[in-house]
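# Quick check, what structure comes out for this input:
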Amino acid sequence: MIHGIHHTAISTVDIERSLRFYRDLLGFEMIYSSAWEIGTKGAGRITGLKDSAARLARLKAGNACIEIFQYSSPPPKSAEPMRPVCDHGITHICLDVADIDAEYEQPEKCRDDVPLPTTGNGRPASDLRARPGRKRCRAFGSD
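Numbering: from 1, shown residues only. Prediction:
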C-alpha cells in the first residue's frame, strides 16, 4: 500500500546555496548530510552511475522531505538556466503554508544573501495561488 511520497531528490551545482535557501530561509530541518567518494561500495548500484562521488543533504518540513545532491563525479551536465517548464524534469516545488501573506511579511524571508530562484522563463519563483476552501501555496522554481 502506498502512503505517499517519501522524498524528492534534487541535483544542484551548489549545495551550500541550496541549503541556505531551503534550511536557512524556508526553515526546513536538516535530517542528515553525508558524502561519498569515488569507489565507495554500493554507490554505483544505488545511483546507477559509474565512479560517482557526491555530497548530499536530506531536509524536512512537515511531512515533506527533500534530498539535495551535488555531484563531483561523473561531471554533471549543466542545465539550461532558462529552460521552459515543458522540458522534462522537476519544474517547481509547491509548499503548502497556512498564511502566504504572513510568510512574505517575515523579514528573515527577505534576505539579500539568499537569492530566490527564478522560474524557467525568468519570472520570480514565488507564485501565489488562492484555492477556494484551501490554503494558499508558495511555489519555487528549480535551481
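
# From the recorded domain assignment, give the ranges for the chain.
Domains of the chain are assigned by automatic domain parsing as 1-78, 80-143.

# mind checking the end-to-end distance for the longest one?
The first and final residues of domain 1-78 sit 37 Å from each other (Cα to Cα, to the nearest Å).

# Adjust the sequence numbering to begin at 36 for everything that follows.
OK, 36 is where the count begins now, so the last one is domain 36-113.

# That domain - what's its average pLDDT?
Mean pLDDT, computed over domain 36-113, is 91.

# Okay, strands next: where are they in the chain?
42-46, 64-71, 88-96, 99-108, 127-132, 163-164, 171-176 (DSSP state E).

# Nearest approach to Arg80 belongs to which of those?
Arg80 lies closest, by Cβ to Cβ, to one member of the strands of the chain: strand 64-71, at 12.1 Å. Yep, even glycine has a C-beta here, placed from its N, CA and C like the rest.

# Tell me which residues touch Gly74, please.
Going by Cβ atoms under 8 Å, 6 or more residues apart in numbering, Gly74 touches Asp86.

# Distance of it relative to Ile128?
Counting by Cβ to Cβ, to the nearest Å, the gap from Gly74 to Ile128 is 33 Å.

# cool, and Ile73?
With distances taken as Cβ to Cβ, Ile73 is found 30 Å from Ile128.

# between those two, who's got more neighbours?
Ile128 (20 against 13; other Cβ atoms under 10 Å).

# tell me which residues form a beta bridge with the more buried one?
Applying DSSP bridges to Ile128 gives these bridge partners: Phe175.

# What pLDDT is listed against it?
Reported pLDDT for Ile128: 75.

# Then His123?
If you check His123, the pLDDT there is 76.

# Can you get me a residue count around it?
The tally of other residues near His123 (other Cβ under 10 Å) stands at 6.

# do the one 10 residues further on as well
As a burial measure, Ala133 scores 8 neighbours (other Cβ under 10 Å).

# Contact partners for His41?
By Cβ under 8 Å, 6+ apart, the neighbours of His41 are Cys100.

# Thank you, goodbye.
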